[in-house]
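> quick one: sequence and predicted model below, then my questions.
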Amino acid sequence: MKVLVVCLGNICRSPLAEGLLKSKVEALGLGWEIDSAGTGGYHEGSQPHEKSIEVAGRNGVDITNQRARKISREDFSKFDLILAMDTANRDDMYEMTSTMEQRNKIRLIMDLVYPNRDVSVPDPYYGGIEGYEKVWEMLDQACDKVIEVYASKAGKQ
Ligand code: 4NP
């Protein structure tokens, strides 16, 4: 199972989702491939935001090796599941797909916790550390659900 988590800049929210999912998947020995990307390329090559690094670190997850990248069309073929942080990320990705198979891979990450309610993970970029803590809590819950739902479907592949 190959999972891509996506936000706008790939420096605040999706690095936290990547770190969380990787640590949970590794603890369970699932052998899934996890990556993250941004719909925008403004921060390509950058480390995650220092506040994301801090919140992840406090929770025992090291995300300092991650580097931001922009999503590419190949990602829609390569990954099995593509999880958007907010509705803008999701809709921007819909615009990039060329088949229904690709479109059907895209989901809002919070949809697993709150189905069909279009709940977005708020962008913490312009706020304080509390915003990043809130994002962590939401993503912690969502990543547990991702594993619960897709591990039963996909097994250890
Ligand atoms: P992210 O947050 O999408 O969670 O990585 C943002 C980071 C940077 C910008 C916007 C959102 N920006 O406009 O530079």
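Right, received. Where do you want to start? All values derive from a computational prediction rather than experimental measurement.
> hmm, the one helix or strand in the chain whose mean pLDDT sits lowest touching the ligand?
Ranking every helix and strand in the chain by mean pLDDT, DSSP states H and E puts helix 129-154 at the bottom, with a mean of 94. No: figure legend: helix 129-154 not in contact with the ligand (C-beta under 6 Å from any ligand atom); closest approach 7.7 Å. Any C-beta I mention is one placed from the backbone N, CA and C, and that applies to glycine too.
> what packs against that helix?
Packing partners of helix 129-154 (3 or more C-beta pairs under 8 Å, 6 or more residues apart in numbering; DSSP states H and E): helix 13-28, helix 50-58, strand 81-84.
> at 6 Å what do you get?
helix 13-28, helix 50-58 (3 or more C-beta pairs under 6 Å, 6 or more residues apart in numbering; DSSP states H and E).
> what number of residues lie near Met96?
Applying other C-beta atoms under 10 Å, we find 15 residues neighbouring Met96.
> check it and give its pLDDT.
Per-residue pLDDT puts Met96 at 97.
> which residue packs closest to it, ignoring adjacent ones?
Closest residue to Met96 apart from its sequence neighbours, by C-beta to C-beta, 6 or more residues apart in numbering: Arg73 at 6.2 Å.
> in what helix or strand does the one you found lie?
Secondary structure from DSSP states H and E places Arg73 outside every helix and strand.
> what is the burial count for it?
11.
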